[in-house]
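Novice: sequence first, then the predicted structure:
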Amino acid sequence: MAWNEPGKGEKDPWGNRGNDGPPDLDDVIRNVQRKLSGIFGGGSSDNNDSSGGGTLGLGLIFLVIFIVWLVSGFYIIDPAERGVVLRFSAYQQTTGPGPHWHIPYPVERVEVVNVEESRTAEIGFRSTAGRSGNIASESLMLTKDENIIEMKVEVQYRVDDAADYLFNVENPDLTLRQMTESAVREVVGQTSMDEVIKSGRADMAPRAKILLQQLLTDYGTGLFVTSFNIPDIQPPSQVQAAFADVVNASADKERMKNEAEAHANQIVPKARGAAFRVIQEAEAYKSQILAKAQGETSRFLQVMKEYEKAPDITRERMYLDTMESVYSNSQKVMVDVSKDSSNVLYLPLDRLRGGNASSAARLDLTNLTTYPGSDSTSSTSSSARDNARSRGGR
């Protein structure tokens with residue numbers, strides 16, 4: 001229905017809208033002041049009293065808000081953490097474990113950093129859900145003799161300085177990964193491939209760790225390397241079979257060397273013992289020969305003294321002793337069988353009864369050789385008879 005139809009009183013739509021218009025802003029402010037005055041001013045109808053009560057209420061509100069703002073500045077740092085206080089985003093101080101207070105936001109704020117958490121950086125591979133994937137761009141490295149190897153590196157580190165960790169480097173963890181790769185490549189570039197494959201882990205890991213820590217300190221990253229491990233070093237897959245043969249040959253060499261050393265350790269003591277025994281026997285033989293020679297020399301000197309006193313008797317005695325020693329080992333007996341001889345045949349019964357019975361039994365009495373009229377035979381028989389009598393008397 002149009003506004004100018006009959007019966008509408010010809011009202012102007014842009015005129016006064018009565019009570020259907022929006023409330024006036026001044027009225028809203030006055031209503032709020034009146035309500036606050038009723039709460040904090042005791043509900044007085046006086047304008048002056050209402051104005052004073054409203055001011056007091058606003059002051060209390062601001063006081064409560066200020067107290068809450070101050071209380072929000074309290075914070076607690078755990079033992080494994082450090083707090084870095086920033087004032088208008090500028091570093092102020094580092095706080096240790098325990099309760100602390102700082103000027104609340106937006107004046108100051110606190111960045112909490114865990115300094116005891118062990119973090120891990122993997123170079124050349126990534127471990128996810130128990131599986132390991134190689135990254136060739138990181139693992140392939142060039143050795144001193146211009147050969148290529150694949151190496152996996154695992155570095156464990158922690159935050160040493162919280163302020164340096166937050167402000168000196170934009171991304172400390174990524175920086176550590178890049179520095180680790182750089183340090184490993186430098187160490188590998190100073191080592192030949194054979195050394196890397198055979199003893200690389202034990203020798204290269206400490207060197208790379210020292211170099212990495214030096215780089216981190218020079219750049220002020222605030223990180224500290226706790227361990228540096230090389231889980232795997234191997235040649236590229238295309239030549240792994242050939243290098244496996246080389247490694248096996250080296251292992252066989254070491255095994256045979258150890259076996260030879262063990263055999264030498266077993267044989268050498270025996271040889272030394274045998275040599276010592278031979279030396280002792282030679283020393284004993286030497287002592288025996290010297291003693292025998294000295295004894296013979298002493299006897300000869302004694303005989304020589306007797307010979308100087310009575311040469312004929314001494315020669316005769318020596319002759320008889322010599323003949324006795326010669327005939328005592330003979331199986332033939334010579335006796336004087338001349339007619340005028342009164343020699344008596346003597347058989348060595350004591351030898352027949354003793355240990356030499358076998359040799360005495362072989363005594364051939366039928367082969368007696370006679371030397372009639374021989375003075376030497378007579379003398380010999382007489383000497384033999386005298387010796388026999390002396391033995392019989394004993």
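Specialist: Nice, I can see it.

Novice: export stretch 61-68 as CSV, just CAs?
Specialist: Output in CSV follows, covering the C-alpha atoms of stretch 61-68 (Å, rounded to 0.1, in the frame of the first residue of the first chain):
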residue,chain,number,x,y,z
ILE,A,61,37.8,-2.3,37.3
PHE,A,62,41.1,-0.9,36.0
LEU,A,63,42.8,-1.9,39.2
VAL,A,64,41.6,-5.5,38.9
ILE,A,65,42.7,-5.6,35.3
PHE,A,66,46.1,-4.3,36.2
ILE,A,67,46.6,-6.8,39.0
VAL,A,68,45.6,-9.7,36.6
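
Novice: per-residue confidence averaged over it?
Specialist: Stretch 61-68 carries an average pLDDT of 84.

Novice: any chance you could map the helices in the chain?
Specialist: 25-40, 47-71, 136-139, 162-167, 172-189, 193-219, 240-309, 311-327, 349-353, 357-361, 375-393 (DSSP state H).

Novice: for Thr226, see how far away Asn265 is.
Specialist: According to C-beta to C-beta, to the nearest Å, Asn265 and Thr226 sit 42 Å apart. For the C-beta atoms, the positions are set from N, CA and C on the backbone; glycine is no exception.

Novice: oh sorry, the question was meant for Tyr75
Specialist: In terms of C-beta to C-beta, Tyr75 sits 28 Å off from Thr226.

Novice: before we move on, what about Tyr157?
Specialist: 6 Å.

Novice: mind checking the end-to-end distance for stretch 99-111?
Specialist: Separation of the first and last residues of stretch 99-111 by C-alpha to C-alpha, to the nearest Å is 14 Å.

Novice: so where is the stretch 101-250 of the chain shaky, pLDDT-wise?
Specialist: 129-133 (pLDDT under 70).

Novice: please repeat the previous calculation with a cut-off of 80.
Specialist: 103, 127-134, 136, 197-201, 236-240, 242-244, 246-247 (pLDDT under 80).

Novice: now Phe74: closest residue in space, sequence neighbours ignored.
Specialist: Closest residue in space to Phe74, ignoring its immediate chain neighbours: Trp101 at 5.1 Å, by C-beta to C-beta, 6 or more residues apart in numbering.

Novice: before we move on, the earlier item: neighbour-wise, which of Tyr157 and Thr226 wins?
Specialist: A count of neighbours by other C-beta atoms under 10 Å puts Tyr157 above the other of Tyr157 and Thr226, at 24 against 12.

Novice: contacting residues for the more buried one?
Specialist: 118-121, 176, 223-226 (C-beta atoms under 8 Å, 6 or more residues apart in numbering).
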